[in-house]
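A.B. asks: sequence and computational prediction follow.
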Amino acid sequence: MLRVTRRNLLKISGTGVVAAGTGGLAGILATGIAPAYAQQKTVHWLRWNDFVPASDELLRKSLLLEAEKALGIKVNFETVNGNDLQPRITAGIQSGAGPDLIMLFNNHPHLYLASLADLSDVAEAVGKAQGGFYDISKGNCSSGGKWMAMPFGIIGAMLAYRKSWFEEVGYKTFPKTWDEYRDAGKKLKAKGRPIGQTMGHSFGDPPTFSYPYLWSFGGAEVDESGKKVVVNSKAAIDSVKFMVDFWKDAHDEGGLAWDDSSNNRAFLSGTICSTLNGASIYIASTRKPEQYQTEKGGLMKDDILHAPLPAGPAGQFGFHTFQSHVVPSYSKNQDAAKAFLTWLHTDANYEKWFTSQKGFSTGITASWEKHKMWGEDPVMTPYAVAGRLGRIPGYPGPTGPKAAEVLSKYIVTDMYAKAIQGMPAEDAVKWCENELVKVYQT
């Protein structure tokens, strides 16, 4: 694989680089100027359909045009449903052809480690320029000293809730524990305003709920070594039993079939009181305030607040959806893809995308916590430090290919879904244990 370094940026065999004068990756990061290509390269970039449409619009109408002018690279930008990213990279690796630059979620890059280009030169330069990566960035994107993915953004998972509705049932501040949340939800469901939680096979909201929920009761899929399956425990069984009653008492029971957009629509239509989500619900309500109104005719945006998931017997936990980009090793445009990534992550260019997100996705280094944007809207403040908080699947052990496989198969989420559908709690946990053993001990 060709590496773009200080010494070879001006002369890379086979790339047609003719001019730069920027001092390698550090120079690109400092100036935003990257090498020009004598023969235009095309980078096929595959991302999700962003839950903040303004960011996709920014890329298409502005940033990519700037990149093409600066780099001499044509960027073919394609977006798909987030749940389609894994099938696309799998198909590309199997066939040996596909997009040059692909967005992935959470720890999924570990699944494709052997088939990805080494992005260490890009990641290390960006990390050094921005004060170092969060641990969550390192855990999801690196292994054995190699960066197989370039961190891009962290979607903080918080509960969006209707402030006035919770006050009506006696909660002037959001419930601190699962018992309190169940009590509030039961009262609100009786008023036709249940909690809305996705518990299906969708990349974002179901696992970002089910994993922290399990951890908060003291349960885990594996031990600290990351090798021994320990899910079949009293803590996990207790969590499942509580969930079954909690679901019936307080939730919209159709959530078993929801994806990551279903709860957004339900909340904005005024049919649920609370849901675990990124900030996209609130952001949508601020972009079109007249479209989203309360039952009393007020603006819904003025009745939305955010809170972390409640605490359980073992404490309070979080799991935030992570975004990164990978360059499959089949790509014939690895050098151009890396140059584009480096250009995109210069402060000036990344900031444009970062601010377009309005806090839905936070930065990959602590330096972005200090951005002035966070002082513009107090409702968004809880998301500023999402990168510091939360755990990675596989906790309390290290993440890796096996934990990524478990996540991609929705095994932990399905443990709860099966019990909600009628399977006894002990059987649901045993089923989960058997599925985990198939992954971790084979």
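C.D. replies: Alright, I've got the coordinates.
A.B. asks: can you pull the contacts of residue 263?
C.D. replies: Residue 263 makes contact with 196-198, 205, 255, 272, 275-277, according to C-beta atoms under 8 Å, 6 or more residues apart in numbering. All C-beta atoms are positioned from the backbone trio N, CA, C, and that covers glycine.
A.B. asks: can you pull out the strands in the stretch 101-250 of the chain?
C.D. replies: Remark: strands assigned in the stretch 101-250 of the chain by DSSP state E, counting those that start in this stretch are 101-105, 142-143, 146-147, 150-155, 158-162.
A.B. asks: in a markdown table, list the ones you listed along with mean neighbour count.
C.D. replies: Output for the strands of the stretch 101-250 of the chain, formatted as a markdown table (neighbours: other C-beta atoms under 10 Å):
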| stretch | mean neighbour count |
| --- | --- |
| strand 101-105 | 26 |
| strand 142-143 | 20 |
| strand 146-147 | 20 |
| strand 150-155 | 25 |
| strand 158-162 | 24 |
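A.B. asks: and residue 420, which of the ones you listed is closest to it?
C.D. replies: Residue 420 lies closest to strand 158-162 among these, at 19.2 Å (C-beta to C-beta).
A.B. asks: check what pLDDT residue 189 gets.
C.D. replies: Residue 189 carries a pLDDT value of 98.
A.B. asks: make 29 the first number, not 1, from now on.
C.D. replies: With 29 as the first residue, the last one maps to residue 217.
A.B. asks: which residues touch it?
C.D. replies: With contacts defined as C-beta under 8 Å, 6+ apart, the neighbours of residue 217 are 223, 277-279.
A.B. asks: of all the strands of the stretch 129-278 of the chain, which one comes closest to residue 436?
C.D. replies: Closest among the strands of the stretch 129-278 of the chain, using C-beta to C-beta: strand 129-133, at 9.3 Å.
A.B. asks: any idea how far that closest one is from the chain center?
C.D. replies: Relative to the centre of its chain, strand 129-133 is centred 11 Å away, using C-alpha atoms, centre = their mean, to the nearest Å.
A.B. asks: okay, the angle between it and strand 178-183?
C.D. replies: With axes from the mean of the first three to the mean of the last three C-alpha atoms, to 10 degrees defining the directions, strand 129-133 sits at 40 degrees from strand 178-183.
A.B. asks: what's next to strand 129-133, contact-wise?
C.D. replies: So strand 129-133 is contacted by 71-76, 110, 113-114, 116-117, 120, 140, 177, 180, 231-232, 349-356, 359, 365, 368-369 (C-beta under 8 Å, 6+ apart).
A.B. asks: one step back: which of the contacts of residue 217 has the most neighbours?
C.D. replies: Ranked by neighbour count (other C-beta atoms under 10 Å), these have residue 223 at the top, with 26 neighbours.
A.B. asks: hmm, back to that, among the contacts of strand 129-133, name the ones in helices.
C.D. replies: 113-114, 116-117, 120, 365, 368-369 (DSSP state H).
A.B. asks: and which of those residues is nearest residue 106?
C.D. replies: residue 116 (9.2 Å).
A.B. asks: would you mind measuring from that closest one to residue 190?
C.D. replies: Using C-beta to C-beta, to the nearest Å, residue 116 is found at 37 Å from residue 190.
A.B. asks: same question, residue 277
C.D. replies: Using C-beta to C-beta, we find residue 277 at a distance of 18 Å from residue 190.
A.B. asks: beta partners of the spatially most central residue of the chain?
C.D. replies: Nearest to the mean C-alpha position of the chain, by C-alpha atoms, centre = their mean, lies residue 349 at 2.1 Å. Counting by DSSP bridges, residue 349 forms beta bridges with residue 183.
A.B. asks: what's residue 104 sitting at in phi/psi?
C.D. replies: phi -90, psi 100 (degrees, to the nearest 10).
A.B. asks: how many other residues sit next to the closest residue to residue 257 other than its chain neighbours?
C.D. replies: Nearest residue to residue 257 in three dimensions, chain neighbours excluded: residue 464, at 4.5 Å (C-beta to C-beta, 6 or more residues apart in numbering). Residues lying near residue 464 (other C-beta under 10 Å) number 24.
A.B. asks: in three-state terms, label the nearest residue to residue 252 once chain neighbours are set aside for me.
C.D. replies: In space, residue 252 comes closest to residue 424 once its chain neighbours are excluded; the distance is 4.9 Å by C-beta to C-beta, 6+ apart. Under the three-state scheme (DSSP: H, G, I helix; E, B strand; the rest coil), residue 424 adopts coil.
A.B. asks: how close does residue 424 get to residue 342?
C.D. replies: Applying C-beta to C-beta, the value for residue 424 to residue 342 is 11 Å.
A.B. asks: likewise for residue 199?
C.D. replies: Where residue 342 is concerned, residue 199 sits at a distance of 23 Å (C-beta to C-beta).
A.B. asks: higher neighbour count, the two?
C.D. replies: residue 199 (19 against 15).
A.B. asks: contacts only, for the more buried one.
C.D. replies: 208, 212.
A.B. asks: give me the pLDDT for it.
C.D. replies: 98.
A.B. asks: before we move on, what about residue 416?
C.D. replies: 88.
A.B. asks: where does it land in three-state SS?
C.D. replies: Classified using three-state DSSP, residue 416 is coil.
A.B. asks: which of the helices or strands spans the spatially closest residue to residue 442 that is not a sequence neighbour?
C.D. replies: Of all residues not flanking residue 442 in the chain, residue 460 sits nearest, at 7.5 Å (C-beta to C-beta, 6+ apart). Element membership for residue 460 (DSSP states H and E) is helix 453-468.
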